[in-house]
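# Give me a model of this one.
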Amino acid sequence: MNYREAIDWLFSTQTYGIKLGLDNAHHLLKEFLAYPTHGVKVIHVAGTNGKGSTCAMIDSIARACGRRSGLFTSPHLIDFRERVKVSGCEIAEENCASMLGELRGICEKMDAHPTFFEISLALAMRWFRESECDIIVLETGMGGRLDATTAVPADVCVITPIGLDHMEWLGDTLGAIAKEKAGIFVEGKPALSSPQEESARIVLEKEANEKRTPLEFITEPLNGYGLSLAGEHQRWNAALAVAALHRAGLPLNTDVLRHGLASVFWPGRFEKIRPDVILDGAHNPHSAESLAKTWHSEFREKKASLVFSAVDAKDIAGVLEILCPLASKIFICPIRTPRATSVGELVACLPPNAPDHETFDDFESAYHAARQHGTPVLVAGSLYLIGEARAFLTNATFQPSSQ
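All right, here's what the predicted structure looks like:
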């Protein structure tokens, strides 16, 4: 298969949906020789918000230490290969195509066909092995206990802030969701956590105690260093990243941290793609609150032309309740994904005190109208919207996804 044929096959496996469980992941990793080699450190990151940013910081600091780092994250914004990086570089198309061809042969012999995410993980882990990575950073897809990434033995486990998200899969309370996230804990291996709401913290402590996992909570943000990512919440993520690398035994010093934190690149999180165009994948109330605080820090009382969209099964009304006060007008559009929420449903989620809104058939139309409004443009909501926006604004080829 060439790269286009390989990617078309991989994306076709999204029809198998999301299946939580570790059996397929274990089988693929074993058959594809994709487990990490002895001595390679694995840092596993779960949580509701800040996972990607924390993973990006861990990766950047590890590279500043001179380590060869493998980074697996999801979803991608524009191109699938963003999910699999070694030393900051995306996997090459020819390598991606070759390995997907091998994986297809393995998948066709399995009783239960692996999911898109399970195949992506196996691809990443094999590439990290062939690239002789010293350290691997894995972001969970969803939850933790039954997430495919948990099939990879971890040396350090990390929990970012826990909130109410993916409740149809993980439970409808913070405690229930925290229990799923704590499923990544490994007996005898260190675990780090951001500060948590009390109900989540208690569950994490109980799960760590049962598994004999030494658990430590971060108590203060990391100050004194310049961060390339905007927002006070990123200083908490930075503190978590540094603590995780310390537990992994990396030789950290002031110069390494300064360089690593200043070099982090994680698009779509309060990203100033132009001086007056901001992209932020705030898709739940917790991340929307972080966005609102960062907006006020950067723009003070200046209002935004808000381009917004979201996918199903999210607390859209809760997000809009927080973001509407930032906007002078809202420009609502659909997203190019099967999970998109209709424009009519999005309008129905607007709070009673929302500013004027207008609906559009696609992002491009909404963006052009927002640009004419005369205030900074804030594109916010689903990461799938952010990917579509970023592709349009950078003239890139967009690979729409549902996972």
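
# How far does stretch 87-98 stretch from one end to the other?
One end of stretch 87-98 sits 20 Å from the other (Cα to Cα, to the nearest Å).

# Which positions in it come out as buried?
90-91, 95-97 (16 or more other Cβ atoms under 10 Å). Every C-beta, even on glycine, is put in place using the N, C-alpha and C of the backbone.

# Need the residues that contact that stretch.
With contacts defined as Cβ atoms under 8 Å, 6 or more residues apart in numbering, stretch 87-98 is touched by 1-3, 5-7, 59-60, 63, 68-69, 71, 79-82, 84-85, 123-124, 127, 265.

# one more time with 10 Å, if that's ok
1-7, 9-10, 56, 59-60, 62-63, 67-71, 76, 79-86, 99, 123-124, 126-128, 130-131, 133, 263, 265 (Cβ atoms under 10 Å, 6 or more residues apart in numbering).

# Just the buried ones out of the residues you listed, please.
Among the contacts of stretch 87-98, those classed as buried by neighbour count (16+ other Cβ under 10 Å) are 3, 6-7, 9-10, 56, 59-60, 62-63, 67-71, 76, 79-86, 99, 123-124, 126-128, 131, 133.

# Among these, which ones are in helices?
Applying DSSP state H to the buried ones among the contacts of stretch 87-98, the entries found in helices are 3, 6-7, 9-10, 56, 59-60, 62-63, 99, 123-124, 126-128.

# Dead centre of the chain: give me the residue that sits there.
Gly52 (3.9 Å; Cα atoms, centre = their mean).

# Just the CA trace of stretch 36-56, in PDB.
Only the C-alpha atoms of stretch 36-56 are listed here, as PDB (Å, rounded to 0.1, in the frame of the first residue of the first chain):
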ATOM      1  CA  PRO A  36       9.400  -1.000  24.400                       C
ATOM      2  CA  THR A  37      12.800  -2.500  24.800                       C
ATOM      3  CA  HIS A  38      14.400  -3.000  28.200                       C
ATOM      4  CA  GLY A  39      15.600   0.200  29.800                       C
ATOM      5  CA  VAL A  40      13.300   2.600  27.800                       C
ATOM      6  CA  LYS A  41      11.400   4.800  30.200                       C
ATOM      7  CA  VAL A  42       7.600   5.200  29.600                       C
ATOM      8  CA  ILE A  43       5.600   8.100  31.000                       C
ATOM      9  CA  HIS A  44       1.900   7.500  30.800                       C
ATOM     10  CA  VAL A  45      -0.500  10.500  31.100                       C
ATOM     11  CA  ALA A  46      -4.200  10.400  31.800                       C
ATOM     12  CA  GLY A  47      -6.700  13.000  32.900                       C
ATOM     13  CA  THR A  48      -9.500  15.200  31.500                       C
ATOM     14  CA  ASN A  49      -7.800  18.500  30.700                       C
ATOM     15  CA  GLY A  50      -4.200  19.400  29.900                       C
ATOM     16  CA  LYS A  51      -3.000  15.900  28.900                       C
ATOM     17  CA  GLY A  52      -1.700  17.000  25.600                       C
ATOM     18  CA  SER A  53       0.000  20.100  26.800                       C
ATOM     19  CA  THR A  54       1.600  18.100  29.700                       C
ATOM     20  CA  CYS A  55       2.800  15.400  27.300                       C
ATOM     21  CA  ALA A  56       4.200  18.100  24.900                       C
END
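
# Now do the contacts for Arg336.
When contacts are counted by Cβ under 10 Å, 6+ apart, Arg336 is found next to 309, 362-363, 384-385, 387-388, 391, 398, 400-401.

# Extract the residue ranges of the protein that are flagged as low pLDDT.
166-169 (pLDDT under 70).

# domains for it, by residue range?
For the chain, automatic domain parsing gives the domain ranges 3-262, 271-394.

# Show me the helices in the stretch 151-300 of the chain, by range?
For the stretch 151-300 of the chain, applying DSSP state H, counting those that start in this stretch gives helices covering 167-170, 174-181, 198-211, 233-247, 254-262, 285-299.

# Make CSV from those helices and add mean neighbour count and distance to Asn353 to it.
Formatted as CSV, these follow (neighbours: other Cβ atoms under 10 Å; distance: least, Cβ to Cβ, whole Å):
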stretch, mean neighbour count, distance to Asn353
helix 167-170, 15, 26
helix 174-181, 22, 28
helix 198-211, 17, 30
helix 233-247, 24, 26
helix 254-262, 17, 39
helix 285-299, 19, 15
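
# closest one to Phe270 among the ones you listed?
Closest to Phe270 of the helices of the stretch 151-300 of the chain is helix 285-299 (Cβ to Cβ; 5.1 Å).

# re earlier: just name the closest of the contacts of Arg336 to Ala282, please.
The closest of those, once distances to Ala282 are taken by Cβ to Cβ, is Leu385, at 10.5 Å.

# Can you list phi and psi of the closest one for me?
Main-chain torsions, Leu385, degrees, to the nearest 10: phi -70, psi -40.

# and the closest residue to it other than its chain neighbours, what does it touch?
Computed as Cβ to Cβ, 6 or more residues apart in numbering, the closest residue to Leu385 that is not its neighbour in sequence is Ser309, at 4.5 Å. The contact partners of Ser309, by Cβ under 10 Å, 6+ apart, come to 316, 331-337, 340-341, 343, 346, 360, 363, 366, 379-382, 384-386, 388-389.

# switch to 8 Å and redo it
332-335, 340-341, 346, 363, 381-382, 385.

# partner residues bridging it?
Residues in a beta bridge with Ser309, per DSSP bridges, are Gly381.

# State the pair within the contacts of Arg336 that is farthest apart.
The span of the contacts of Arg336, defined through Cβ to Cβ, is set by Asp362 and Ser401 at 17.2 Å.

# In terms of neighbours, single out the busier of the two.
Ser401 (22 against 13; other Cβ atoms under 10 Å).

# what number of residues lie near the closest residue to that one other than its chain neighbours?
Nearest residue to Ser401, sequence neighbours excluded (Cβ to Cβ, 6+ apart): Pro75, at 5.8 Å. Pro75: 21 surrounding residues under other Cβ under 10 Å.

# His368 now?
Neighbours of His368 (other Cβ under 10 Å): 11.

# Please, which helix or strand holds it?
helix 363-371 (DSSP states H and E).

# Which residues does that helix contact?
305-307, 309, 329, 331-333, 335, 358, 360, 377, 379, 385, 388-389, 392.

# Going through those residues, which ones are buried?
Buried members of the contacts of helix 363-371, scored by 16+ other Cβ under 10 Å, are 305-307, 309, 329, 331-333, 335, 360, 377, 379, 385, 388-389, 392.

# All set, thanks.
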